[in-house]
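**Q** A predicted structure for the sequence below; I have some questions about it.
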Amino acid sequence: MYPASFRYLRPRSLAEALEFLTRHGEEAKLLAGGHSLLPAMKLRLASPRYLIDIGGLRELRGIDTSPGEMVIGALTLHAEIAASDSVRRLLPGLAEAASVIGDLQVRNRGTIGGSVAHADPGADFPVILTALSAAFVLQSSSGKRRVAADGFFRDFFTTALAPDEILTEIRIPLPPRGAGTAYAKLGHPASGYAVVSAGAWLIVDSAGNCESARVAVGGLDGIPRRAAATEAALQGRPLTAENIAAAAARAADGAKAEGDTYASAEYKLHVATVFARRAIEAAAGRAGRQDRA
Ligand SMILES: Cc1cc2nc3c(=O)[nH]c(=O)nc-3n(C[C@H](O)[C@H](O)[C@H](O)COP(=O)(O)OP(=O)(O)OC[C@H]3O[C@@H](n4cnc5c(N)ncnc54)[C@H](O)[C@@H]3O)c2cc1C
């Protein structure tokens, strides 16, 4: 199907993009990699009157490691994140999530900002970014605000972004020495989107006990959810296979899942515990081995 007709605007700077967005507000859509928006327009699920193509704004692209934080521009491609030496070294779970998104073409066009803003329930970045305590910088003509991943995702395809805001940066605290991160997903065999996925961030002390844990699970009910019971069960305990399995078995405690034509709600709730275990095991295996020199 062809999309409804629209006016194409190509801003030369972030300031101009914000100006367009302020002027056209609810009637406009930002275009980044186009891998989610263009299919939606062709299906007439989205029919913006103005398409603001921010894809060429170099100022929103790149990966910087400042003291204590990694800052990723919203237009950074999935493939750039998967291949980045600093991401692979400092946040291997994030590189892992980027590397399993769709296929090569999707990874070479899709942007992290587009994925986060689109908030597809089967998307990979929202889950790992929730586990990594990421914050999103949202900018409008009247200023900037920073929203934690924990409160950013509101519902299926719904976030805290206002119609006049652009997501400009993703900021991720760098884990200290002794930390490990990992991501694991059950991909849908046709689309590659996550049926269920899990991200883990662990800190292990010198005695081998879990000092701190953040575990997030996605694909159940539209937004990434922290697995609070799993996190509590890991806290202070040695990361043995038995302790990890017991903690991961609680990854869907209190969660609700939406079944669909591929997977029932019951199946998703079970698979969440399996993939939480895999992510925690991988993060535990990496903890203490990070090269921060
Ligand atoms: C065949 C196929 C397979 C895929 N498989 C996967 C998969 O396995 N896992 C996965 O996670 N994803 C998958 N995707 C989705 C892919 O990752 C998209 O690239 C991503 O969801 C959207 O990024 P984009 O840059 O293409 O955004 P666009 O499609 O350009 O935009 C998506 C939405 O976000 C808004 N937006 C974009 N950038 C910003 C910004 N900076 N600030 C505010 N709003 C913004 C747009 O207005 C639009 O509403 C797949 C897509 C395809 C086509």
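**A** Sure thing, it's come through. Bear in mind the structure is a predicted one, so any value in this text is a computation, not a measurement.
**Q** C-alpha only now, for contacts and for neighbours.
**A** Will do.
**Q** what about Pro142, how many neighbours?
**A** Just so we're on the same page, residue 142 is Ser rather than Pro. Residues near Ser142, counting by other CA atoms under 10 Å, number 10.
**Q** I meant to write Thr261 there.
**A** With other CA under 10 Å as criterion, Thr261 counts 5.
**Q** which bits of the stretch 51-200 of the chain sit near the ligand?
**A** Within the stretch 51-200 of the chain, the positions adjacent to the ligand are 74, 101-102, 106, 110-111, 113-115, 117-118, 123-125, 166-168, 191-193 by CA under 6 Å from any ligand atom.
**Q** what's the longest strand in the chain?
**A** Among the segments of the chain that qualify as a strand by DSSP state E, the longest is strand 194-204.
**Q** Show me what secondary structure element comes after it.
**A** strand 210-218 (DSSP states H and E).
**Q** Identify the neighbouring strands of that following strand in the sheet and state each direction.
**A** Strand 210-218 pairs in its sheet with strand 194-204 (antiparallel), strand 225-226 (antiparallel), by DSSP bridges.
**Q** The longest strand of the chain - what's its average pLDDT?
**A** Mean pLDDT, strand 194-204: 97.
**Q** ok, and what's touching stretch 19-33?
**A** 11, 37, 48-55, 75, 109-111, 113-114, 140-141, 163-165 (CA atoms under 8 Å, 6 or more residues apart in numbering).
**Q** what about 6 Å?
**A** 48-55, 109-111, 163-164 (CA atoms under 6 Å, 6 or more residues apart in numbering).
**Q** That stretch near the ligand at all?
**A** Yes. Stretch 19-33 is in contact with the ligand by CA under 6 Å from any ligand atom, via 29-33.
**Q** Looking at those residues, which two lie furthest apart in space?
**A** Checked with CA to CA, the residues of stretch 19-33 next to the ligand reach their widest spread between Lys29 and Gly33, with 12.5 Å between them.
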